[in-house]
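take this sequence and fold it.
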Amino acid sequence: MKEKYQVSGMSCSACQSKIEKDLSKLDGIDSVQVSLLNNNMIIDYDDTRINSDQIMKTVKKSGYSAKLAEATKKTKDDNHLQDEVAAMKKRLFISLFFLIPLLYVSMGSMLNFPLPLFLKDINYTLHFGLVQLMLVIPIMFMNRKFFINGISALLKRAPNMDTLIAIGSGAAFLYGIYMIFQIATGFSLGDQQLIMSGRESLYFEAAGAILTFVTIGKYLEEKSKKRTTNALRKLMNLTPKTSFVERDGKTVEIPSDQIILGDIVVARPGSVIPVDGVVIAGTSDIDESLITGEALPVFKQQGDSVISATINKTGSLRFRATNVGSETTIAKIIKVVEETTSKKIPIQKLADQISGVFVPIVIGISLISFVIWLIIGSSFAFALSIAISVLVISCPCALGLATPVAIMVSTGKGAEEGILLKSPETLEVAHKITTIVFDKTGTLTYGTPEVTDTIILSEIETEKFIGIAATLEQYSEHPLAKAIVDYARELKIPLENNTEFMAIPGQGVKAKLDNSFYFAGNLNFISQYVMVPEKTISIQDELASQGKTPIFIASETMLHGIVAFRDKLKPDSLQAIQLLKKSHLEVIMLTGDHYLNALAMQKELMIDKVIAEVKPSEKGEAIAKLQAEGKTVAMVGDGINDAIALMQADVGIAIGAGTDIAIESADIVLMHNSLLDVVKAIALSKKTMRIIKLNLFWAFIYNIVGIPLAAGVFYISLGLKLSPIFASLAMSLSSVSVVLNALRLKLIKIDGGKKL
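Have a look, this model is predicted:
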């Protein structure tokens, strides 16, 4: 079973790696996905071998806490997050309140700032030190969380970012106290040199600045991270908190999450539809733009379906709930978005592996640097300054956040545009696509063909011919069958009953009418039962060359005629294909239609290549052949007849599936019925991967350059040395810069109007 947990106590990707590593050791755990960004984890496990209590106990042993996340607690969790940010803000302001005078006192003499005599004169050096101690203690107390979490993690042999901060600032604080004793000893012995040495080696300002600057960074990081989840929160808030339902003959208002299957829901004008359902009374116009992309309101009456999170514009409706709770359309959308942001792509897994060993390595580098500088004759204070700088400049957070924040923003951006990414791996594959394969019916076209021609080839009357064709097709689910049945009804031609009906996928149908078998289907199918003259074949070819689909109607003894259909192209099909070709992508149409029909559409849409007369079961093989040629293939289909091809493709894209977003065979689900969303999806993938690579580049470069600089590698040759204060400031800004860079995705327009 799969469960979601809220996790608290994580500060960096080292924490995330520790939890994943410890849980993965448990018997019965199939997969663990811990999200530092969302402070949660999704676990797939065998509940016959392990339970949730054991999982939570393991997390606690690792040094963190976990609890089951329930959908009904989303608001509470949001409030908890708000409280945490507010507490961090309070902590930050109090820290700054004491840090500013601390920096003024400690650095005033160097900068020639005016200072009172008791802080300036060497005879009051002990006062000078004690004032700084009194100013730094409140900062240490307000930021005690770093020490509690950091030392605890160290004792559990799982050091994290808090450990680095705790050791760095703690060492500076303790060394400052030691120096106060040295100053006091200097006064006792009358040793002026010892007093001056102590005065210059107080590190209280470094301890206070490290904690405060890191808190500034964490606060800005949390504020920025909050913006990455805005899209998801908007989705969660689309469902109304309460709804009106009929209970015991009365209309009562209840929480929307208490609606049960079969409830009669009353939707008043201006209200949001809380669950999926079927209208049983009333008429109204519904705004479905969020789900289907349809700009104009859709008229609804008895028997029509309504979708959760859509808006009832005009009249009142009574509808029966058909999908409630986690089964509603909006709930499934939210689930897809949430699960996608919790999963990892291979490039992120590499960064996480590095982060898992990053902190111990940094502590080792800090100790080695400290020892080396002592060996080559530097003062203890100088060596300590180097060691502290190494600790606080190192930033596992930048590495840990580089990928997930970009995925979070990208997934949210996609959801806003009606593009649901079911897996983050899709982002990594989609930007490498070389070939786009389109299904025809329902993808390039509306999938609702209309009758264009009826050609009689026997002495049968036209009305009877149409009646036979419609009677034959009335039990078929094929779009062409529906078109001929609708055509007969428009002409008010009555349909008879048929028996022994049989549909042969991709070929045709047969059934008994008046004790005789009749057949409707393509040329290959009909040729099995009656002879088809060459002249008739040429008629078929002529119709196909016009982009029409011919269906032959025959009895056991003769061919009676042809019904021709034409499916309307979607208005944006040509524009989408042109944009894809402009980006040097090969565009192919894969269809079961007659080859000449496919060629006509190829010419109209300027498609590079067509693969025609392919049965639904053969579409997967066609995709596999393209992949064997070394192509990275995306398949775009309606998610029904194209299921095999969608699964076979490197990226499967289901289009126009707003009310059926759980299509298992697709990697990307496009809620709106527009081919331009295919262009948008690929553009979003390319832009997301650029951001991820840029984030990882800067995160690695920052640490590769920053750690040697802090360790004093460039001090002897260039005189470059980083003080602990500036090291902590740089560390704080690194994480914030990574998050802000990812947030640029929110500002990028993916309107499909430009080259990808």
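
CA only for contacts and neighbour counts going forward, please
Will do.

quick one: the residue lying closest to residue 686 once chain neighbours are set aside and residue 584, what's the gap?
Closest residue to residue 686 apart from its sequence neighbours, by C-alpha to C-alpha, 6 or more residues apart in numbering: residue 431 at 4.8 Å. According to C-alpha to C-alpha, to the nearest Å, residue 431 and residue 584 sit 13 Å apart.

who has more neighbours, those two?
Set residue 431 next to residue 584 and count neighbours by other C-alpha atoms under 10 Å: residue 431 wins out with 20 against 13.

need the pLDDT of the more buried one.
On the pLDDT scale, residue 431 is placed at 88.

picking that back up, can you pull the contacts of the residue nearest to residue 686?
Taking C-alpha atoms under 8 Å, 6 or more residues apart in numbering, we find residue 431 in contact with 682, 683, 685, 686, 689.

would JSON lines of those residues with neighbour count, secondary structure and pLDDT be doable?
Listed next are those as JSON lines, based on neighbours: other C-alpha atoms under 10 Å; DSSP: H, G, I helix; E, B strand; the rest coil; pLDDT from 0 to 100:
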{"residue": "682", "neighbour count": "23", "secondary structure": "helix", "pLDDT": "91"}
{"residue": "683", "neighbour count": "20", "secondary structure": "helix", "pLDDT": "89"}
{"residue": "685", "neighbour count": "24", "secondary structure": "helix", "pLDDT": "89"}
{"residue": "686", "neighbour count": "18", "secondary structure": "helix", "pLDDT": "89"}
{"residue": "689", "neighbour count": "21", "secondary structure": "helix", "pLDDT": "89"}
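
mean confidence score for the helix or strand hosting residue 517?
Per DSSP states H and E, residue 517 falls inside strand 516-521. For strand 516-521, the mean pLDDT works out to 92.

which of the residues in that strand are buried?
Neighbour-count burial for strand 516-521 flags 517, 518, 519, 520, 521 (criterion: 16 or more other C-alpha atoms under 10 Å).

now swap in stretch 43-51 and tell me
43, 45.

now stretch 7-26
Buried residues in stretch 7-26 (16+ other C-alpha under 10 Å): 7-8, 10-20, 23.

listing request: residues of the stretch 401-550 of the chain with sub-threshold pLDDT.
Nowhere does the stretch 401-550 of the chain drop to pLDDT under 70.

for the residue nearest to residue 363 when sequence neighbours are not counted, list the residues it contacts.
Distance criterion C-alpha to C-alpha, 6+ apart; nearest residue to residue 363, sequence neighbours excluded, is residue 391 at 6.6 Å. Residues counted as contacts of residue 391 (C-alpha under 8 Å, 6+ apart) are 164, 165, 167, 168, 362, 363, 366.

and the gap between residue 391 and residue 685?
36 Å.

any idea how far the residue nearest to residue 363 is from residue 178?
20 Å.

likewise for residue 272?
66 Å.

please apply the same query to residue 268.
For residue 268 relative to residue 178 (C-alpha to C-alpha), the value is 73 Å.

okay, the two: which has more neighbours?
Taking neighbours as other C-alpha under 10 Å, residue 268 and residue 178 compare with residue 268 leading, 19 against 15.

contact partners for the more buried one?
Going by C-alpha under 8 Å, 6+ apart, the list of residues near residue 268 reads 312, 315, 316, 317.

now those residues: which count as buried?
312, 316, 317.

where along the stretch 51-200 of the chain do the strands fall?
Applying DSSP state E, counting those that start in this stretch to the stretch 51-200 of the chain gives strands spanning 65-68.

for it, which residues score under the pLDDT cut-off?
Those would be 70-83, 109-111, 118, if you go by pLDDT under 70 across the stretch 51-200 of the chain.

tally of neighbours for residue 363?
If we define neighbours as other C-alpha under 10 Å, then residue 363 has 21 of them.

where does the residue nearest to the spatial centre of the chain land in three-state SS?
With distances taken as C-alpha atoms, centre = their mean, the residue of the chain nearest its centroid is residue 411 (3.0 Å). Classification of residue 411 using DSSP: H, G, I helix; E, B strand; the rest coil returns helix.

so what's it up against?
So residue 411 contacts 337, 340, 341, 420, 421 (C-alpha under 8 Å, 6+ apart).

for residue 494, state which of those is nearest.
residue 420 (44.3 Å; C-alpha to C-alpha).

and the closest residue to residue 607 other than its chain neighbours, which helix or strand is it part of?
Counting by C-alpha to C-alpha, 6+ apart, residue 607 lies nearest to residue 587, which is 5.8 Å off, once chain neighbours are set aside. If you go by DSSP H and E, residue 587 is part of strand 586-590.

other SSEs contacting that strand?
Identification of packing neighbours for strand 586-590 by 3 or more C-alpha pairs under 8 Å, 6 or more residues apart in numbering; DSSP states H and E yields strand 435-439, helix 573-582, strand 609-611.

and the second one, which residues are buried?
Of the residues in helix 573-582, 573, 574, 575, 576, 577, 578, 579, 580, 581 count as buried by neighbour count, 16+ other C-alpha under 10 Å.

ok, now stretch 90-99?
91, 92, 95, 96, 98, 99.

just those residues: which are in helices?
91, 92, 95, 96, 98, 99 (DSSP state H).

how far away is the nearest residue to residue 723 once chain neighbours are set aside from residue 160?
Once flanking residues are discounted, residue 723 sits nearest to residue 389: 6.2 Å by C-alpha to C-alpha, 6+ apart. According to C-alpha to C-alpha, residue 389 stands 16 Å off from residue 160.

what of residue 322?
For residue 322, the distance to residue 160 - C-alpha to C-alpha - is 48 Å.

which of the helices and strands packed on strand 586-590 sits closest to residue 31?
strand 435-439 (32.3 Å).

adjacent strands (with direction) for the closest one?
If you go by DSSP bridges, strand 435-439 pairs up with strand 586-590 (parallel), strand 633-637 (parallel).

can I get these in TSV with distance to residue 534?
TSV is the format used below for the strands paired with strand 435-439 (distance: least, C-alpha to C-alpha, whole Å):
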stretch	distance to residue 534
strand 586-590	27
strand 633-637	35
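
most tightly packed of the ones you listed?
Comparing these by mean neighbour count (mean count of other C-alpha atoms under 10 Å), strand 633-637 comes out on top with a mean of 28.

how far out from the middle of the chain is it?
20 Å (C-alpha atoms, centre = their mean, to the nearest Å).

show me what it is in contact with.
430, 433-440, 442-443, 623, 626-627, 645-646, 649-655.

let's see it at 7 Å
433-439, 443, 627, 645-646, 649-655 (C-alpha atoms under 7 Å, 6 or more residues apart in numbering).

other SSEs contacting the helix or strand that comes right after that strand?
Next helix or strand after strand 633-637 toward the C-terminus (DSSP H and E): helix 643-648. Counting contacts by 3 or more C-alpha pairs under 7 Å, 6 or more residues apart in numbering; DSSP states H and E, helix 643-648 is packed against helix 619-628.

list of residues touching the helix it packs on?
Counting by C-alpha under 7 Å, 6+ apart, 633, 644, 645, 648, 649 sit against helix 619-628.

contacts only, for the second one.
Translated: residue 644. 619, 620.

local confidence estimate at it?
At residue 644, pLDDT is 82.

where does the residue lying closest to residue 499 once chain neighbours are set aside land in three-state SS?
Counting by C-alpha to C-alpha, 6+ apart, residue 512 is the residue found nearest to residue 499 once chain neighbours are left out, at 5.0 Å. Look at residue 512: counting by three-state DSSP, its state is strand.

how much space between residue 512 and residue 486?
Counting by C-alpha to C-alpha - residue 512 and residue 486 are separated by 21 Å.

just the CA atoms of stretch 274-285, as CSV, please.
What follows is stretch 274-285, C-alpha atoms only, in CSV (Å, rounded to 0.1, in the frame of the first residue of the first chain):
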residue,chain,number,x,y,z
PRO,A,274,-17.8,20.0,-5.2
VAL,A,275,-17.8,16.5,-6.7
ASP,A,276,-18.4,14.7,-10.0
GLY,A,277,-22.0,13.8,-10.8
VAL,A,278,-24.9,13.5,-13.2
VAL,A,279,-27.6,16.1,-13.4
ILE,A,280,-31.1,14.8,-12.4
ALA,A,281,-33.0,18.1,-12.5
GLY,A,282,-32.5,21.7,-13.6
THR,A,283,-30.5,23.5,-16.3
SER,A,284,-27.5,25.8,-16.1
ASP,A,285,-24.3,26.9,-17.8
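
noted, bye for now.
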